[in-house]
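[1] Have a look at this fold, sequence not included:
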């Protein structure tokens, strides 16, 4: 019978059984907790938040800030990565600066961003943008470095200028690695956006999660945690689908 179920549905069996066991155990014990809630209570809290519109509003705020920061930081990282990869001199000169800034924790910039932008989407997007620069820069630089040198030589023989050579030869060849950097940056952007909302910015899913924790509402708190996980999974699944459509027919592996 289990074999007749599709592979994706079979993957849901274990989580569903675990949830059913947790529901039964908590109902049998009758225990009350400020940190945990029964699965049915979590679903009820999520449904209530979805009905009153608070879940959609908070999701739009968090995703909007994350995507804005990703666009700004990822764009800067992409341009710098292409430049550093195409110019060995620029790559060498920038290595020390990149290696000093890249390990800097993004949350350490929250106080600076608050002084510069105050509360709101600009502060949160600035912190997200700083974080997204580095994965895009590293993957773009690596993608350019992997371009077959003979392709560049052929472009030079054909008389293609620097911009046309980068557009027609370098960028298409580096695109699979750039796409991997985009996937990684999207997950990081969502993580940093929620973290910033929890510790400093009174908006979005992170702020709702912090308020649920402070009001001792574990059902809503866990419902928001699960919803954030669903959003991250959906975003990654969408990019995987797009990656397959873009590169599978070309026989390119990212």
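    Yep, that arrived. Since the model is a prediction, treat every value here as computed from it, not as a measurement. Residues are numbered from 1 along each chain as shown.
[2] so how far is residue 231 from the residue nearest to the spatial centre of the chain?
    Nearest to the geometric centre of the chain sits residue 187, at 1.6 Å (C-alpha atoms, centre = their mean). Counting by C-beta to C-beta, to the nearest Å, the separation of residue 187 from residue 231 is 10 Å. Where C-beta positions appear, they are placed from N, C-alpha and C, glycine not excepted.
[3] In this structure, which helix is the longest?
    helix 54-86 (DSSP state H).
[4] what is the mean pLDDT for it?
    The predicted model assigns helix 54-86 a mean pLDDT of 93.
[5] Could I get the buried residue list for it?
    For helix 54-86, burial by neighbour count (16 or more other C-beta atoms under 10 Å) applies to 55, 58-59, 61-70, 72-74, 76-78, 80-86.
[6] What is it packed up against?
    Judged by 3 or more C-beta pairs under 8 Å, 6 or more residues apart in numbering; DSSP states H and E, helix 54-86 is in contact with helix 39-51, helix 88-101, helix 121-145, helix 171-199, helix 204-214, helix 218-247.
[7] Are there helices or strands packed against the third one, and which ones?
    For helix 121-145, the contact count by 3+ C-beta pairs under 8 Å, 6+ apart identifies helix 54-86, helix 88-101, helix 110-117, helix 171-199 as packing neighbours.
[8] Tell me how far the longest one lies from the chain's centre.
    Here the centre of helix 54-86 is set off from its chain's centre by 9 Å, with C-alpha atoms, centre = their mean, to the nearest Å.
[9] wait, doesn't residue 98 sit right on residue 134?
    Yes: in this structure, residue 98 is within contact of residue 134 by C-beta atoms under 8 Å, at 7.5 Å.
[10] Compare the two (neighbour count), which wins?
    residue 134 (23 against 17; other C-beta atoms under 10 Å).
[11] can I assume that one is in contact with residue 77?
    Yes: the criterion here is C-beta under 8 Å, and residue 134 meets it with residue 77 at 6.5 Å.
[12] Report how many residues lie close to residue 184.
    18.
[13] whoops, I mixed them up, residue 173
    Neighbour count of residue 173, defined by other C-beta under 10 Å: 17.
[14] residues contacting it?
    Residue 173 makes contact with 143, 146-148, 151, according to C-beta atoms under 8 Å, 6 or more residues apart in numbering.
[15] Could you tell me which of these count as buried?
    Using 16+ other C-beta under 10 Å as the burial test, the contacts of residue 173 include 143, 147 as buried.
[16] Dump the contacts of residue 173 to TSV, plus distance to residue 191.
    What follows is these, written out as TSV (distance: C-beta to C-beta, whole Å):
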residue	distance to residue 191
143	23
146	28
147	31
148	35
151	36
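[17] Compare the mean pLDDT across the helices and strands packed on helix 54-86 and name the weakest.
    When the helices and strands packed on helix 54-86 are compared by mean pLDDT, helix 88-101 comes last with a mean of 86.
[18] can you state the direction angle for that one and helix 121-145?
    Put simply, helix 88-101 runs at 140 degrees to helix 121-145, going by axes from the mean of the first three to the mean of the last three C-alpha atoms, to 10 degrees.
[19] If I take helix 88-101 and helix 54-86, what angle do their directions form?
    Using the same axes, to 10 degrees: helix 88-101 against helix 54-86 is 140 degrees.
[20] What is helix 88-101 packed up against?
    helix 54-86, helix 121-145.
[21] what's the angle between the last one and helix 110-117?
    Note on geometry: by the same axes, to 10 degrees, helix 121-145 and helix 110-117 are set 110 degrees apart in direction.
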